[in-house]
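In: Give me a model of this one.
(one chain, ligands or ions: 2)
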Amino acid sequence: MTRSFETTGNLFDELPHDDAPKQPLAPGAVILRGFAARDAMTLWDSLQYIVAAAPWRHMTTPGGFRMSVAMTNCGAAGWISDESGYRYGPVDPITGMHWPAIPDSFLGVAARAAAEAGYDGFEPDACLINRYEPGARLTLHQDRNERDFRQPIVSVSLGLPAVFLFGSNTRKDRPRRIRLESGDIVVWGGPSRLAFHGVAPLADGDDPLTGRCRINLTFRKAL
Ligand code: MD6
Ligand code: FE
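Out: Ligands and ions are numbered 1, 2, ... in the order given. Down below sits the predicted model:
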């Protein structure tokens with residue numbers, strides 16, 4: 001998705017800067033506004049099959065707290081948190097079965113978004129799926145359970161809007177606040193791969209696709 005802002009005279013050239021389809025967030029990190037908008041219904045439909053096989057659950061942090069975000073996974077590796085720590089594993093601890101496969105619809109969007117952001121050949125083996133209901137939040141953290149930090153992360157937002165918190169590689173700096181809407185994708189790698197980030201408490205609302213929640217799909221190459 002590339003649009004010219006200099007040469008052609010079409011209507012879309014007049015978009016204000018914040019609606020630009022591709023917004024640099026930090027070195028190696030970019031926001032692709034609306035990149036998944038036309039795929040949103042397909043992604044939502046595929047998600048129903050995943051949740052039927054691997055139900056939503058509120059995991060426990062290593063410190064013993066129940067996470068406000070409900071989670072599940074698809075892919076060869078699923079992200080798990082419990083009293084013994086964070087890790088990736090092939091088996092869903094609730095069902096005792098392997099996590100469901102990543103649907104082709106998911107893989108296509110993830111690979112196209114990665115390529116648009118300059119990361120060709122992205123083949124994720126893990127997709128962590130987050131569900132935020134009003135009030136749910138994710139405290140500042142780094143994603144560092146993956147083996148190869150040269151691989152980016154592709155993060156797809158569906159449903160209610162959220163305020164994404166994006167800091168630096170140290171916890172000291174106050175994070176920026178970025179509004180993410182349904183269909184927006186953040187691709188995240190290179191020098192930003194270990195940036196601290198989180199999600200502010202979700203405001204209430206009713207989305208035509210997802211209802212009273214925000215869904216986030218984060219694709220990783222974990223293994
Ligand atoms: C979320 N996202 O947007 C949570 N992590 O619901 C993440 O924690 C995240 O969006 C790494 C890279 C991109 C992300
Ligand atoms: Fe994260």
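In: The most centrally placed residue in the chain sits in which helix or strand?
Out: Centrality entry for the chain: nearest residue to the mean C-alpha point is Ser155, 2.6 Å, by C-alpha atoms, centre = their mean. For Ser155, the element it lies in under DSSP states H and E is strand 153-159.
In: And that strand, how far out from the chain middle?
Out: 3 Å (C-alpha atoms, centre = their mean, to the nearest Å).
In: Okay, now the sheet partners of the following helix or strand past that strand, with direction.
Out: Downstream of strand 153-159, the first helix or strand assigned by DSSP H and E is strand 162-166. Strand 162-166 has the following strand partners under DSSP bridges: strand 176-180 (antiparallel), strand 197-199 (antiparallel).
In: So which of the ones you listed is nearest Arg144?
Out: strand 197-199 (11.9 Å; C-beta to C-beta). Just so you know, the C-beta spots here come from the backbone N, C-alpha and C atoms, and that holds for glycine as well.
In: could you give the mean pLDDT of that closest one?
Out: Strand 197-199 shows a mean pLDDT of 97.
In: What residues does the protein have near ligand 1?
Out: When proximity is defined by C-beta under 6 Å from any ligand atom, the chain lies next to ligand 1 at Asn130, Leu138, Asp143, Ile153, Ser155, Phe164, Val186, Trp188, His197, Val199, Asn216, Thr218.
In: tell me the contacts of the third one?
Out: Shown in contact with Asp143 (C-beta atoms under 8 Å, 6 or more residues apart in numbering): Ile153, Arg193, Leu194, Thr218, Arg220.
In: from those, which is closest to ligand 1?
Out: Ile153 (3.9 Å; C-beta to the nearest ligand atom).
In: list the contacts for the closest one?
Out: With C-beta under 8 Å, 6+ apart, Ile153 has these contacts: Asp143, Val187, Trp188, Gly189, Arg193, Thr218, Phe219, Arg220.
In: Most neighbours among these, which one?
Out: Counting neighbours by other C-beta atoms under 10 Å, Phe219 comes out on top of the contacts of Ile153 with 30 neighbours.
In: Spell out which helix or strand contains that residue, please.
Out: Phe219 belongs to strand 214-220 when elements are defined using DSSP H and E.
In: C-alpha coordinates for that strand, PDB please?
Out: Output in PDB follows, covering the C-alpha atoms of strand 214-220 (Å, rounded to 0.1, in the frame of the first residue of the first chain):
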ATOM      1  CA  ARG A 214     -10.600  -5.000  21.300                       C
ATOM      2  CA  ILE A 215      -8.800  -7.900  19.700                       C
ATOM      3  CA  ASN A 216      -5.000  -7.800  19.100                       C
ATOM      4  CA  LEU A 217      -3.200 -10.400  17.100                       C
ATOM      5  CA  THR A 218       0.600 -10.400  17.500                       C
ATOM      6  CA  PHE A 219       2.600 -12.500  15.200                       C
ATOM      7  CA  ARG A 220       6.100 -13.600  16.100                       C
END
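In: For stretch 203-223, give the mean pLDDT please.
Out: For stretch 203-223, the per-residue pLDDT averages 98.
In: typed the wrong thing, it's stretch 97-114
Out: So the average pLDDT for stretch 97-114 ends up being 98.
In: where does the chain dip in pLDDT?
Out: 1-19 (pLDDT under 70).
In: do that again at 90, thanks
Out: 1-20, 168-173 (pLDDT under 90).
In: That one: strands as residue ranges?
Out: Assigned by DSSP state E, the strands in the chain fall at 22-26, 29-32, 70-75, 78-82, 85-89, 126-132, 138-141, 153-159, 162-166, 176-180, 185-188, 197-199, 214-220.
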